[in-house]
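*Asks:* Show me the folded form of this:
(2 chains)
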Amino acid sequence: MDIQKVLSEAAGKLGPSGQEMEIAAYFAEQFRPFVDEVTIDKMNNVIAHKKGNGPKVMLCAHMDEIGLMVVGIEDDGSIRLGNVGGVDPRILPACRVWVHGKEKLFGTIGALPPHLLTAEDRQKNYNAKDLYVDVGLPGDKVKELVRIGDLVTFNVPLTELLNGQVAAKTMDDRACVGILLVAAERLSKLHCDADVYFVGSTQEEVGSMGAMTAAFAIDPDLAVALDVDHATIPGSRPDTTVEGDSLCATIGPYIQPKLLDRLMNCAKEHHVKLQTAVSSRSTYTDADEVGIARAGVPTVLLSLPLKYMHTTVETIDLQALKEGGRLIAHFLSELDAGWEDDLWI
Amino acid sequence: MDLKWLTEFNAPAGHEQAMRRALLDELKNYAGVTTSIDRMGNVVAVKTGKGAEPRKRVMLSAHMDEVGLIVTSCTEDGFLRVAPVGGVDPRVIISKRVTVGDDKVPGIIGAMAIHLQSAADRQRVLGYSDIYVDIGAKKREEAEAKAPKGTYICFDTDYVEFGDGYVSAKALDDRVGIFNLLRVLEDDYDCDVICVFASQEETGCRGSKGAAFALDPDMGIVLEGTTCNDLGDVPETLQVCNTGAGVCVSFMDGSSIANRSLFRQTIEVAEKNGLTCQVKRSVSGGNDGGSMQRARGGMPVVVLSVPCRYIHSPSSVVKYSDVESQLALTKALLKSI
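*Replies:* A predicted model of the protein is given here:
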């Protein structure tokens, strides 16, 4: 499997929170060669099942993306925008987008040229409400093709940077679905007793609705959530970021401590570099909801560092991603019947 | 040769070599045209008129350079600090793709994630002291090897045709003018036509200044792209011109006042030939018209611009019919001289 190609293709698939049909269909096909059964459930979660007689494990990474939606159409044909998830309006001026109307329309988000800016303008950030999409069509034609509520997604190809880094939209969190794919591929060549469910989850950006319902349906014995964490960039604070080139495990009240020990030991044994980060309360990932599904699920959180989260140039390290797949494969392969002994002692 | 091809060259002001070489090659195909490079790096293509002497000598200019960025230093952890080359609003380059240097090393311009911003951060405009280009380098030495101080950076945006005859690309200001300057040379005129593919317009109109002095023409016509601001429910008073309404004739802009009789002649030629054109409704922007008008003892100059939305951004937009309109009026004006 060429993981960079998968990420590049995945980034181009439509999937704002609640509208993950296209990306779900794509990831379902990617998982199929490595597992026994793939289904897409009522919440658009992709559930890839590799059958086993051992402990039932759920692994999840979310497929949904932040995006925009049409909230108004001016008489001149310009399209007004609202948020679906946490889009930073500062990234929007001069961004290229797709408007998903009756036809898929190419558009550019407008911005004033420097020549017309007043000194006061220059001190202010653009608000989403001041911005618009230009689809190059007259107002009546736009109103015919586009309706309020239609989705608007970013239109930007993947960029390959130095040192095995790639920048693309939706790497939060499709890069972590990539980790699951690498793990599934590796696991198909390893001995594994565990009953494994790889889940591409939905609606994480609006509160992990997909992971919540998937965890209820699967009823796992234990779970691993995978999400991205902020990598260091110039000006970032060390307590809110991690190094960009290796995986990270979270420590905190929402994380099952013995399971975390097991993950850390597994990393040590297989020489996978693993940093730690602290979440003193909520992790703001699928781990929060999966951990309290049904009667509760012992859960750990593995993170892939990412620069520029919630922009169109989310940047990850491919080697770290592949190491994540290797770690998860070994973790699953080595899960034995006694994993639960002294879990809370 | 087409507009797409021309927008694909990277030619930030002061570093126009790629565009210059391509133009010199292209101009070899034009019969009866004498081509040279002058002391400011302008490409000058002269076509002698068919009329009897003494003939008018008309200088037409369009600039081959574009706005971009330049590397000012590399940080310890391998990021590139940059300054703008020409007028680039820092707010339009956040979260965009660029290419660095002649080897076109891919880079991106990131920003602190929204999750890590305080309420005050969200209000603050990111300026060039905050912005950097990430090429993936991890150490200063690695960054400096790929992008030493002084390396030029361009937007990485492909050419897309969309909507009702619109084009989105980088550098449409002023590749539209370059495109039409080349096409002007396909025709014959009574006057001498001196086409200047100018350098360094975006950093102070320096190329055309040298050329206008050296060539000492009788009059000047500038082919430009100009700011537009016609979309987004903008009050009519703030609109500069409109896409789809034809080439834009300036009575005055930030750098020159059009010669009144030449301005009138231009409008009359358009009317007589049934060509659409519009008058620019704002005194804003500056261009080679200013430097040409003041060369030596001065000369009459008129500026003909293609309306350009989101000019100086990574994704500028023009309507193709306006590009054709600029060509038609330029040719008609030359034929009237």
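
*Asks:* Once you drop chain neighbours, what's closest to whatever residue of the stretch 151-300 of chain B ends up closest to chain A?
*Replies:* At 2.0 Å from chain A, residue B:163 is the closest residue in the stretch 151-300 of chain B, using C-beta to the nearest C-beta. Glycine gets a C-beta too; all of them are placed from N, C-alpha and C. Leaving aside its chain neighbours, residue B:163 sits nearest to residue A:136 (2.0 Å; criterion: C-beta to C-beta, 6 or more residues apart in numbering or on different chains).

*Asks:* and that neighbour, which of the three is it?
*Replies:* In three-state terms, and counting by DSSP: H, G, I helix; E, B strand; the rest coil, residue A:136 is coil.

*Asks:* Also the one 5 residues further on?
*Replies:* Secondary structure of residue A:141, reduced to three states by three-state DSSP: helix.

*Asks:* Do a quick rundown of the helices in the chain.
*Replies:* No chain specified, so I'll use chain A. A:3-11, A:21-31, A:119-122, A:139-145, A:171-187, A:209-218, A:257-269, A:286-290, A:318-333 (DSSP state H).

*Asks:* other chain: chain B
*Replies:* Using DSSP H, helices in chain B cover B:3-7, B:17-27, B:119-123, B:140-146, B:172-184, B:206-215, B:260-272, B:288-293, B:320-335.

*Asks:* tell me the domain boundaries of chain A?
*Replies:* Split into domains by automatic domain parsing, chain A comes to A:3-65+A:169-340, A:67-154.

*Asks:* And these: which comes nearest residue B:13?
*Replies:* domain A:67-154 (14.4 Å; C-beta to C-beta).

*Asks:* and the end-to-end length of the closest one?
*Replies:* 7 Å (C-alpha to C-alpha, to the nearest Å).

*Asks:* Stretch B:2-10 now?
*Replies:* Its start and end residues considered, stretch B:2-10 measures 16 Å (C-alpha to C-alpha).

*Asks:* Buried ones in that stretch, by neighbour count?
*Replies:* B:3, B:6-10 (16 or more other C-beta atoms under 10 Å in any protein chain shown).

*Asks:* Is that stretch positioned near chain A?
*Replies:* No. Using C-beta under 8 Å from any C-beta of the partner chain, stretch B:2-10 never reaches chain A; the gap is at least 14.5 Å.

*Asks:* where in the stretch 151-300 of chain A is pLDDT low?
*Replies:* Of all residues in the stretch 151-300 of chain A, none has pLDDT under 70.

*Asks:* near chain B, which residues of it?
*Replies:* A:156-157, A:159-163, A:165, A:167, A:230, A:232-237, A:240-241, A:245.

*Asks:* could you pull out the strands for the stretch 51-200 of chain A?
*Replies:* For the stretch 51-200 of chain A, applying DSSP state E, counting those that start in this stretch gives strands covering A:56-62, A:67-73, A:79-84, A:96-100, A:104-109, A:132-134, A:151-154, A:159-160, A:165-168, A:195-201.

*Asks:* Export those strands to CSV and append columns for mean neighbour count.
*Replies:* Shown next, in CSV, are the strands of the stretch 51-200 of chain A (neighbours: other C-beta atoms under 10 Å in any protein chain shown):
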stretch, mean neighbour count
strand A:56-62, 28
strand A:67-73, 20
strand A:79-84, 21
strand A:96-100, 22
strand A:104-109, 23
strand A:132-134, 28
strand A:151-154, 24
strand A:159-160, 19
strand A:165-168, 26
strand A:195-201, 29
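
*Asks:* and of these, who's closest to residue A:11?
*Replies:* Across the strands of the stretch 51-200 of chain A, closest to residue A:11 is strand A:165-168 (C-beta to C-beta), at 4.3 Å.

*Asks:* pull the CA atoms of that closest one into PDB?
*Replies:* Provided in PDB are the C-alpha atoms of strand A:165-168 (Å, rounded to 0.1, in the frame of the first residue of the first chain):
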ATOM      1  CA  GLN A 165       6.700  15.300   5.500                       C
ATOM      2  CA  VAL A 166       3.400  15.900   3.600                       C
ATOM      3  CA  ALA A 167       1.000  18.800   3.800                       C
ATOM      4  CA  ALA A 168      -2.700  18.500   2.900                       C
END
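
*Asks:* any chance of the buried residues of stretch B:2-10 in TSV, plus pLDDT?
*Replies:* Shown next, in TSV, are these (pLDDT from 0 to 100):
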residue	pLDDT
B:3	98
B:6	98
B:7	98
B:8	97
B:9	98
B:10	98
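
*Asks:* Which residue, other than its chain neighbours, is closest to residue B:26?
*Replies:* residue B:1 (5.7 Å).

*Asks:* Can you give me the neighbour number for that neighbour?
*Replies:* By other C-beta atoms under 10 Å in any protein chain shown, 13 other residues sit near residue B:1.

*Asks:* so who does it touch?
*Replies:* For residue B:1, the contact set (C-beta atoms under 8 Å, 6 or more residues apart in numbering or on different chains) comprises B:26, B:179, B:182.

*Asks:* now with 10 Å?
*Replies:* Residues near residue B:1 by C-beta atoms under 10 Å, 6 or more residues apart in numbering or on different chains: B:22-23, B:26, B:29, B:178-179, B:182-183.

*Asks:* And the residues you listed, which of them are buried?
*Replies:* The buried subset of these - by 16+ other C-beta under 10 Å - is B:22-23, B:26, B:178-179, B:182-183.

*Asks:* which of these sit farthest apart?
*Replies:* B:22 and B:183 (15.5 Å).

*Asks:* For the stretch 201-337 of chain B, give me the ranges with low pLDDT.
*Replies:* Short version for the stretch 201-337 of chain B, where the test is pLDDT under 70: none.

*Asks:* What is the burial count for the closest residue to chain A within it?
*Replies:* Per C-beta to the nearest C-beta, residue B:313 is where the stretch 201-337 of chain B lies closest to chain A, at 3.8 Å. Neighbour count for residue B:313, taken as other C-beta under 10 Å: 30.

*Asks:* Skipping adjacent residues, who's closest to it in space?
*Replies:* Closest to residue B:313 by C-beta to C-beta, 6+ apart is residue A:94, at 3.8 Å.
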